[in-house]
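A.B. asks: Here is my input, please return the structure:
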Amino acid sequence: MSVRTSGVYRVLSSPRDREELLLLDVSSTDPTYVPSEGYEEPFRERVDDLEAGNRIEATIEWDPEGNPRLGDVEVLTRTRIEFIDGATGIFEAARETAEEAAMEGEAMNSRVTKSTDGEDNGVVYTFAKQTGERNLYEEFEEGITPLEPLIARLGEGGADPPYDVFVIRPAEESFVIVYLALEREGLLARTVRDTYT
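C.D. replies: Here you go, the predicted model:
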């Protein structure tokens with residue numbers, strides 16, 4: 001007999017298997033890996049349509065051996081998250097934000113970025129290299145360090161989803177960037193994507 005659990009999750013691509021999705025419970029941040037293949041139509045099309053970053057309401061079915069599968073899913077917001085490793089030519093706002101943090105002895109810093117018209121178009125966070133064995137880029141990718149608080153802060157500031165979120169590990173810098181574009185597929189998001197992917 002299978003067990004069913006339900007909740008609201010943030011979808012990430014699984015870092016361990018291309019045929020999996022990583023679901024992070026938005027409240028507890030507990031991870032659940034579910035297969036992205038092997039579903040029958042018409043449900044298969046709904047699973048195939050999921051993108052990393054989507055916030056979903058889902059039912060997970062657990063078989064007697066404790067293996068989870070998606071039983072039902074509804075997309076709540078179509079925010080998208082992309083991970084970009086080894087980026088070069090890092091934009092000035094990110095470098096300045098990281099330099100300010102270093103001068104103040106802080107591990108993290110942020111700033112609102114603006115379009116050429118002076119409108120808020122995103123928020124950039126920089127995180128200094130972590131001590132010891134920690135790799136913050138991989139922690140974001142694996143859901144160990146959740147992006148959810150940063151995404152939630154956009155909503156609290158009055159910007160409605162969906163957003164485009166970029167987690168960037170520069171090739172020649174000692175910090176990690178999380179750049180949240182307020183408008184999915186807006187000019188800022190397209191520029192970041194065209195520049196670094």
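A.B. asks: For Glu37, see how far away Asp17 is.
C.D. replies: Asp17 is 10 Å from Glu37, where distance means C-beta to C-beta, to the nearest Å. C-beta: built from backbone N, CA, C; applies to glycine.
A.B. asks: before we move on, what about Glu183?
C.D. replies: Computed as C-beta to C-beta, the Glu183 to Glu37 distance reads 32 Å.
A.B. asks: Among those two, which residue is more densely surrounded?
C.D. replies: Neighbour count, other C-beta atoms under 10 Å: between Glu183 and Glu37, Glu183 has more, with 18 against 10.
A.B. asks: Give me the neighbour count for Ile177.
C.D. replies: By the measure other C-beta under 10 Å, the count of residues near Ile177 is 26.
A.B. asks: Past the helix or strand encompassing it, which element shows up next along the chain?
C.D. replies: Assigning secondary structure by DSSP states H and E places Ile177 in strand 175-181. Following strand 175-181 in sequence order, the next helix or strand is helix 187-196 (DSSP H and E).
A.B. asks: Between strand 175-181 and that next one, find me the angle.
C.D. replies: For helix 187-196 against strand 175-181, the angle by axes from the mean of the first three to the mean of the last three C-alpha atoms, to 10 degrees is 140 degrees.
A.B. asks: Distance from stretch 20-30 to the middle of the chain?
C.D. replies: Once both centres are worked out by C-alpha atoms, centre = their mean, to the nearest Å, stretch 20-30 turns out to sit 11 Å from its chain's centre.
A.B. asks: returning to that earlier point: anything in contact with each of Asp17 and Glu37?
C.D. replies: Residues touching both Asp17 and Glu37 (C-beta atoms under 8 Å, 6 or more residues apart in numbering): there are none.
A.B. asks: ok, back up a step: tell me which residues of the strand holding Ile177 are tucked away?
C.D. replies: For strand 175-181, the neighbour count (16 or more other C-beta atoms under 10 Å) marks 175-181 as buried.
A.B. asks: what stretches of the chain score poorly on pLDDT?
C.D. replies: Scanning the chain for pLDDT under 70 picks out 1.
A.B. asks: Going along the chain, name the strands of it.
C.D. replies: 3-13, 20-25, 31-35, 55-62, 68-77, 80-87, 108-114, 120-128, 164-170, 175-181 (DSSP state E).
A.B. asks: Could you dump these into TSV and include distance to Glu142?
C.D. replies: Below are these laid out as TSV (distance: least, C-beta to C-beta, whole Å):
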stretch	distance to Glu142
strand 3-13	8
strand 20-25	8
strand 31-35	8
strand 55-62	18
strand 68-77	17
strand 80-87	10
strand 108-114	19
strand 120-128	15
strand 164-170	11
strand 175-181	14
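A.B. asks: hey, which of those is tucked in deepest?
C.D. replies: Ranked by mean neighbour count, the strands of the chain are led by strand 175-181 with a mean of 25 (mean count of other C-beta atoms under 10 Å).
A.B. asks: Pairing partners for that one, with directions?
C.D. replies: Sheet pairing for strand 175-181, assigned by DSSP bridges, gives strand 120-128 (antiparallel), strand 164-170 (antiparallel).
A.B. asks: Identify whichever of those lies nearest to Arg4.
C.D. replies: strand 164-170 (29.8 Å; C-beta to C-beta).
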